[in-house]
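J.: here is a sequence together with a model predicted from it:
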Amino acid sequence: MPWTGACWGRRRPTSPSSSAFPWRRSRPWRYRPTACRASATTSSSPKEQKLDWVDLLFLATRPAQERSLDLWPTKPSTFRDTLDKYTTELASVAEQLFRFMAKDLGVDQEALLGTFKGLPQCVRINYYPPCRQAGKVLGLSPHTDGVGMTLLLHANDVQGLQIRKDGEWFSVHALPGALVVNIGDVLEILTNGKYRSIEHRAVVNPDKERITIAAFHSVHLPCTIGPFQELGDARYKTVDGLDFTKGYFAAKLEGRRYLESLKL
Ligand SMILES: O=C(O)CCC(=O)C(=O)O
Ligand SMILES: [Fe+2]
């Protein structure tokens, strides 16, 4: 997403120790409010407020000058290099997918790619600890991604992603090692609703920890986000890229979906 820097986030009330996240032993939690979404799930009353059952590490990975390397873990020693290589490969996958989509839609490839110029990218590494009362918590509450496209890897092949269709939740059974491609709000606007951004959430496993890596591919700022003219009468307002980002987070904090307000 179009944030910069990095953050250490803690989004659940208790925090059992874990060998999967060695940096947790060496550093206290650190927050950079300007660089992360550290909000808890919103609800009508603070008493009912629930926190997501997830520990997360959020890092800006592209463009390279946006990286806050001081916040990139140094343990294991392969972490930085591996993340660098992995995210570089993912950016190429995202570019190819954007090209295929443009071809499929009959819109100019370069115009579509121009919105994502330089392939700005952030990564969110999610660690969902097991929870005996899994039915009472959510790993990640329902949301849509405020980006073009998210590539999600089930790093330890434990399932838990669900999508909402026609008001019902369905489990996604990701193939081992496969990337799940999530369409984000920006692509829904650009494609005039031909590609729909999907509402999703993560549930927690009672016995197994779950680790996922979400790579968000967001717009290049400054830009404007609006439907391609080739795709018929606009069904969404055109909005400035920065205003979109602000609107997305403001609405999210209030438990609303910003995209709805952009529909014509
Ligand atoms: O971990 C998952 O299954 C979903 C992650 C996700 O939706 C996100 O990080 O935005
Ligand atoms: Fe998501």
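T.: It's in. Ligands and ions are numbered 1, 2, ... in the order given.
J.: point out the residues in the stretch 1-150 of the chain that sit beside ligand 1.
T.: Residues of the stretch 1-150 of the chain lying close to ligand 1 (Cβ under 6 Å from any ligand atom) are R124, N126, L140, D145. C-beta: built from backbone N, CA, C; applies to glycine.
J.: ok, now how distant is the first one from A134?
T.: The spacing between R124 and A134, counted by Cβ to Cβ, to the nearest Å, is 21 Å.
J.: which one of those two has more residues nearby?
T.: R124 (23 against 17; other Cβ atoms under 10 Å).
J.: touching, that one and D52? I think so.
T.: No - the pair R124 / D52 is not scored as a contact, 11.9 Å apart, by Cβ atoms under 8 Å.
J.: now the strands for the chain?
T.: Shown for the chain, the strands assigned by DSSP state E span residues 6-10, 55-62, 121-128, 140-143, 149-154, 161-165, 168-171, 179-183, 200-202, 210-217, 224-225, 239-240.
J.: tell me where the longest helix sits in the protein.
T.: When the chain is parsed with DSSP state H, its longest helix is helix 79-105.
J.: and the angle for that helix with strand 55-62?
T.: 70 degrees (axes from the mean of the first three to the mean of the last three Cα atoms, to 10 degrees).
J.: okay, buried residues for helix 79-105 please.
T.: For helix 79-105, burial by neighbour count (16 or more other Cβ atoms under 10 Å) applies to L83, T87, L90, A91, A94, L97, F98, M101, A102, L105.
J.: pLDDT weak spots in this protein?
T.: Scanning the chain for pLDDT under 70 picks out the ranges 1-50.
J.: L190 is in contact with Q229, isn't it?
T.: No - judged on Cβ under 8 Å, L190 makes no contact with Q229 at a distance of 11.2 Å.
J.: show me what the closest residue to K252 other than its chain neighbours is bridged to.
T.: Spatial nearest neighbour of K252, chain neighbours left out: H143 (6.7 Å); criterion: Cβ to Cβ, 6 or more residues apart in numbering. For H143, the beta-bridge partners are H200 (DSSP bridges).
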